[in-house]
Each structure stands twice: as C-alpha cells, then as structure tokens.
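Colleague: Based on what follows, work out the 3D shape:
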Amino acid sequence: MPNQKNIKNVELLTDKLSKAKSIYFTDYLGLNVSDVTALRKKFFECNVEYLVVKNTLLKIASEKNKIELSGDLFAGSTAIALSYEEPVAAAKVIKGFLKDHELPIVKGLVFEGAYHDAGQFEKIANLPSKEESLTVLAIMLNSPMQNFVNVLSSSMTKVVNVLEAVKNNKNIEN
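Modeller: The predicted structure is shown next:
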C-alpha cells in the first residue's frame, strides 16, 4: 500500500512532466554539494527545474503521461532537468557545466514529446535556442528588404544626379 507522501509526489511529478517541453534524465551521483549548488543556480537562471527523484515514482509518473522511456533510465540515481519554456535550455546548461566537470551524466531525454537516448544529447545541445533562431530569421528577412531599399535609393540617386546635371547644363546654356 503506497503512503500518502509518495502518492502526492507522483501527482506532482506527473503534473511537472506533462508541462515540460523537454526532460533530461541525469546521473548526478558523485557531484559534491558545491557543484550541485552551482548546477542548480545555472538551471535556475535559465528557468529550468532540477529535481532528484525516486526511480519508481518517476516510472509511475512517466507511465501516467504515456511517455515511453528506456528501462536503463531507472538504474542508479536519477535527477531530472525540466524545461518548461525553452526545450534546449537545460541541454545548454548541462553541456556548459560538463566543460569543467565530469558529471552529471545524461542517461536519456525527452525532447518535444519524443524519447531520445543519451547519444542524441550532443546534437540537441548544439541546436540554437528559440531566441537565436528568431534573430537569424529576422536577419534573413531583413537582408533582402535592405538590399531592395539600397537598389531603389541607388537608382533614385542616379536619376536625381542626372536631372541635376541636365538642369545645370540648361542653366549654363541660358
């Protein structure tokens, strides 16, 4: 018979998993307290929630959300990084943290509703964020318009210069 605390934790975890755009499953065992604190701070700055979870509760919550996960995820210690706004935010934080640390190890991830094994982590971590993508799109959209304006203004400038020259020639002749 499950106790009330576990039932409440499963409900809470089920809700969090349903709202997340991406979920990164990590093995954090071996990180010291100061490293975990630094990692949590970086996650917090990027609006990512990092939770240590019990594997049995995680399995139940994922089943309730109809998320198909590999059985390998439920071995060893597990912490999850939940990104509610920007799907690649957690991957970028983990990737940056791994430059100076050996942990956490990504065991797998759910990205936009689809499960991916740990081998896909690097590809997803290298994806541009939504903000970066919008910036590139704006530049791409602006470039042809700017070129068009330059062509129009260039042609008009040439026409005005020719008219000025004709006017000056007429004034000299008169």
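
Colleague: which regions of this structure sit below the pLDDT cut-off?
Modeller: Within the chain, the ranges that satisfy pLDDT under 70 run 1, 145-160, 162-163, 173-174.

Colleague: got the domain boundaries for it?
Modeller: Split into domains by automatic domain parsing, the chain comes to 4-127, 128-174.

Colleague: How about the contacts made by residue 131?
Modeller: residue 86 (CB atoms under 8 Å, 6 or more residues apart in numbering). Heads up, the C-betas are built off the backbone N, CA and C, glycines and all.

Colleague: Who are the contact partners of the most centrally placed residue in the chain?
Modeller: Here the mean C-alpha position of the chain is nearest to the C-alpha of residue 88 (CA atoms, centre = their mean), at a distance of 2.0 Å. Applying CB under 8 Å, 6+ apart, we find residue 88 in contact with 22, 124-125, 127-129.

Colleague: For the residues you listed, give me TSV that also has secondary structure and neighbour count.
Modeller: Shown next, in TSV, are the contacts of residue 88 (DSSP: H, G, I helix; E, B strand; the rest coil; neighbours: other CB atoms under 10 Å):
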residue	secondary structure	neighbour count
22	strand	23
124	helix	20
125	helix	19
127	coil	14
128	coil	12
129	coil	15
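
Colleague: so which of those residues would you say is closest to residue 53?
Modeller: Ranked by distance to residue 53 (CB to CB), those are led by residue 22 at 15.8 Å.

Colleague: Next, give phi and psi for the nearest residue to the closest one once chain neighbours are set aside.
Modeller: Nearest residue to residue 22, sequence neighbours excluded (CB to CB, 6 or more residues apart in numbering): residue 87, at 4.0 Å. Torsion angles at residue 87 (phi, psi; degrees, to the nearest 10) stand at phi -60, psi -30.

Colleague: Return the distance of residue 87 relative to residue 114.
Modeller: 11 Å (CB to CB, to the nearest Å).

Colleague: And for residue 17?
Modeller: According to CB to CB, residue 17 stands 14 Å off from residue 114.

Colleague: Comparing those two, which residue is more hemmed in?
Modeller: residue 17 (18 against 10; other CB atoms under 10 Å).

Colleague: got a list of what that one touches?
Modeller: By CB under 8 Å, 6+ apart, the residues touching residue 17 are 23, 61-62, 65, 67, 82.
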